[in-house]
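Participant: Build me a structure from this.
(chains A and B)
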Amino acid sequence: MPTPPGAAPAFPDAAERSTRDTTLRNNLRRATHTIRAKRAAAVAELADWGELRAAGAAIKDHTLRHLDHYLEQVEAAVTAAGGQVHWAVDAAEANAIVTRLVRETGEREVVKVKSMATQEIGLNEALAAAGITAYETDLAELIVQLGHDLPSHILVPAIHRNRAEIRDIFRTQMGRWGRPAPAGLTDEPAELAEAARLHLREKFLSAKVAVSGANFIVAETGTLVVVESEGNGRMCLTLPETLISVVGIEKVIPSWRDLEVFLQLLPRSSTAERMNPYTSMWTGTTDGDGPAAFHLVLLDNGRTDALADQVGRQALRCIRCSACLNVCPVYERAGGHAYGSAYPGPIGAILTPQLRGTVSALDASLPYASSLCGACYEVCPVAIDIPEVLVRLRERVVEGGPVTVRGTRAVIRPARGHAAERAAMRAARWAFEHPRALRAGQRLASRTRALHPRHLPGPGRAWTRGRDLPEVPAESFRDWWQRTRGERGTA
Amino acid sequence: MSSRERVLGRVRRALADVREEHPDTGATGGAAHTDGGPARDGVARDYLRVHGERTAAERVELLATHLADYRARVHRTDPAGLPDTVAALLAARGARRVVVPEGLPADWLSASAATPVPDTPALSARDLDAVDSVVTGCAVAIAETGTLVLDAGPGQGRRQLTLVPDHHVCVVHVPGQVVDSLPQALERLVPHRPLTWISGPSATSDIELSRVEGVHGPRALDVVLVTTDAPSTASSSPR
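Facilitator: Numbers count the residues shown, from 1 in each chain, chains lettered A, B, ... in the order given. Down below sits the predicted model:
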């Protein structure tokens, strides 16, 4: 994943701004609560959800533990079916491969299926730099692209926009990219969708090259699977002459039969449906049906670094359903942009620092973008213990230690700005071991409470940048106990 | 060193702890399995093959209910009534031109006044865009999820036939083509065929999560359940 721009603020700073945006908070709260309730109902329909979840986790773990074997199997199967396989160590290489493949077709435009992997590597920007225009065709991605915006949710990238904002974007921007919005466009969702349909149909019918990701690759057969709702995916996957799919190496599953687990887990966890409207499966190329040329770009870009961490590697099980975003109290208030990466929410908080490392202030702050309430783990269809990985990454940020960075073992030093946290932990340990000092300190704190600031000065400032200091009660718990129950017990 | 070797090398180094757990195995890790791959360590498949026991009639009923939940329009007939049913659905849409995939039984459209447009390799996506409807069969239908699966076999045609026209009439032979569950459907399908799974018409929920039908695929999906014991039009056979 490209390092975020140097100006990207750390999570606490970005969140402090976004939590004051009431439109954003209202849009988000309505959306996440709706989808949360629907998901719970969809999951409750299956009596064996727990078993499916365990099987999903086990299949993904098994695949990751033998990833080299399955990647070689994918390569052989896709090649045998008429596709070409390319390997990309990082974002720059993947972008260069896709750019070269598009250039070889002689085309200057591509249509795109919504894909997290291409968001992650910044493909659209790289293609633009090479003079190639990439058109996003998922409705939400279109809203984001036309609005010169960034996605803020894995499943519903424009979740932060309401219908009035979307209408304004369509009215002012569609004409710059092709067919303008119809005159008199209102903010009715059906009208907005129709405007997008008309705008994009011209692109679909003329496009010669498409770029996609994939939800799954079946190693045994070389089959790629894309799960979607609108039909824009089907348009891109079947109408153009050339199809280029950029897929993270963790998307592999071993066998055809394994789809029976993931095609039950994914739709119910993401859109809360029994099944999403469209699923496309293709294996290499088929004469007379679909693209004549198929390229699969297998993307590492930090995934092997995550794989090297025995606790953190479970993040690679993720099937990008976004259920964890919709239950997260921190995401609901801060919004997706605060996470500064293609992957927002709880999964982003553990995936991004593993893919990019924890060098930048933003990436080092992400493991703290959580209340550790555990709701994300509860809903995760592949049982990723997100809180466990968060704690692991916090330890890495604060203490440093051995990590793998771009395939090489290294020892990182504790991140700057966390000296106060380490000192505070040492002080707390000392105080708890010296109860008399603790008691005296608490009394002192109570008596001086009117003088306490909302934020800590000095080295403690980092800790209170993203949170207000709790108010000190008028009386310590010990004193209250002593006063009210003291005569009955001991102090 | 090629990027392929670099990525695979990184994967193998990252999994050093796994190799230590299985010191006797080779570079690919895990014991050899009958399919030539690593043994499936710890994958229990104790989830259900089917969610509930149903008679054939109940299975078809569930399919109809779930299709309707997704706002597909469900119709029922028998083989003798099929031509009239199809004709009525096309007439109700005002369809004048209907694309016909290769291998579609001729009698399905025999009662319709619409002009059949036979699929040929020369028929482009733009040509399809000027067609009103498409009539196809399917390979299998899944009751528990309300899903139709097309595998590009006879009577189903290329994937874009059921994508570009705005109206899709899909004929399902019941009970023969209906399975209960997703695991049962996968067993019937051949992975190397291009597969399209359809659960209701094209839809989006991207604007304030309100569902809108018909973004890029067909806006209307008519499903005709034909009660018949005749062999299905599906080309897939159980693996």
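Participant: from here on, contacts and neighbour counts on C-alpha atoms
Facilitator: Fine.
Participant: Take stretch A:197-217, keep the C-alpha atoms, and write them as PDB.
Facilitator: C-alpha atoms of stretch A:197-217 as PDB (Å, rounded to 0.1, in the frame of the first residue of the first chain):
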ATOM      1  CA  ARG A 197     -27.400   3.900 -15.600                       C
ATOM      2  CA  LEU A 198     -27.600   6.200 -18.600                       C
ATOM      3  CA  HIS A 199     -24.300   7.800 -17.900                       C
ATOM      4  CA  LEU A 200     -22.500   4.500 -17.600                       C
ATOM      5  CA  ARG A 201     -24.200   2.500 -20.300                       C
ATOM      6  CA  GLU A 202     -22.300   4.400 -23.000                       C
ATOM      7  CA  LYS A 203     -19.000   3.500 -21.300                       C
ATOM      8  CA  PHE A 204     -19.900  -0.200 -21.000                       C
ATOM      9  CA  LEU A 205     -20.900  -0.500 -24.600                       C
ATOM     10  CA  SER A 206     -17.700   1.100 -25.900                       C
ATOM     11  CA  ALA A 207     -15.100  -0.100 -23.400                       C
ATOM     12  CA  LYS A 208     -12.400  -2.500 -24.700                       C
ATOM     13  CA  VAL A 209     -10.600  -3.000 -21.500                       C
ATOM     14  CA  ALA A 210     -11.900  -3.600 -18.000                       C
ATOM     15  CA  VAL A 211     -10.100  -3.800 -14.600                       C
ATOM     16  CA  SER A 212     -11.600  -5.800 -11.700                       C
ATOM     17  CA  GLY A 213     -10.600  -7.400  -8.400                       C
ATOM     18  CA  ALA A 214     -12.000 -10.700  -7.200                       C
ATOM     19  CA  ASN A 215     -13.700 -11.900  -4.000                       C
ATOM     20  CA  PHE A 216     -12.300 -15.400  -4.400                       C
ATOM     21  CA  ILE A 217      -9.900 -17.400  -6.500                       C
END
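Participant: quick one: is whichever strand or helix holds residue A:102 near chain B?
Facilitator: Using DSSP states H and E, residue A:102 sits within helix A:91-105. No. Applying C-alpha under 8 Å from any C-alpha of the partner chain, one finds helix A:91-105 separated from chain B by no less than 9.0 Å.
Participant: again with stretch A:348-357
Facilitator: No. Judged by C-alpha under 8 Å from any C-alpha, stretch A:348-357 stays clear of chain B, getting no closer than 13.2 Å.
Participant: swap in stretch A:69-87?
Facilitator: Yes. Judged by C-alpha under 8 Å from any C-alpha, stretch A:69-87 and chain B are in contact via A:69, A:86, A:87.
Participant: Worst mean pLDDT across the helices and strands of chain A, which element?
Facilitator: The helix or strand of chain A with the lowest confidence, counting by mean pLDDT, DSSP states H and E, is helix A:461-464 at a mean of 66.
Participant: just to revisit the earlier point, and the residues of stretch A:69-87 next to chain B, which of them are in helices?
Facilitator: Mapping the residues of stretch A:69-87 next to chain B onto helices (DSSP state H) picks out residue A:69.
Participant: neighbour-wise, which of the residues of stretch A:69-87 next to chain B leads?
Facilitator: residue A:87 (24 neighbours; other C-alpha atoms under 10 Å in any protein chain shown).
Participant: Report the contact partners of that one.
Facilitator: A:94, A:297, A:298, A:299, B:3, B:4, B:7 (C-alpha atoms under 8 Å, 6 or more residues apart in numbering or on different chains).
Participant: What helices and strands are in contact with the helix or strand that the least confident helix or strand of chain A is followed by?
Facilitator: Toward the C-terminal end, the helix or strand that comes next after helix A:461-464 (DSSP H and E) is helix A:477-485. Judged by 3 or more C-alpha pairs under 8 Å, 6 or more residues apart in numbering or on different chains; DSSP states H and E, helix A:477-485 is in contact with no other helix or strand.
Participant: Local confidence estimate at the residue nearest to the spatial centre of chain B?
Facilitator: Note on chain B: the residue nearest the mean C-alpha position is residue B:149, at 1.6 Å, using C-alpha atoms, centre = their mean. Here the pLDDT value assigned to residue B:149 is 98.
Participant: That one: what secondary structure?
Facilitator: Following DSSP: H, G, I helix; E, B strand; the rest coil, residue B:149 is assigned to strand.
Participant: Any stretches of chain B with poor pLDDT?
Facilitator: B:23-36, B:229-239 (pLDDT under 70).
Participant: can you map out the strands along it?
Facilitator: Assigned strands in chain B, in chain order: B:73-77, B:97-100, B:115-118, B:133-136, B:140-142, B:147-150, B:167-175, B:178-179, B:195-198, B:203-204, B:212-213, B:220-228 (criterion: DSSP state E).
Participant: The fourth one close to chain A?
Facilitator: This means strand B:133-136. No. With C-alpha under 8 Å from any C-alpha as the measure, strand B:133-136 is seen stopping short of chain A, the closest distance being 15.8 Å.
Participant: Would you mind extracting the C-alpha trace of that strand into PDB?
Facilitator: Extracted C-alpha coordinates of strand B:133-136, given in PDB (Å, rounded to 0.1, in the frame of the first residue of the first chain):
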ATOM      1  CA  SER B 133     -36.200  -8.900 -23.900                       C
ATOM      2  CA  VAL B 134     -34.300 -12.200 -23.600                       C
ATOM      3  CA  VAL B 135     -35.800 -15.600 -22.900                       C
ATOM      4  CA  THR B 136     -33.500 -18.300 -21.400                       C
END
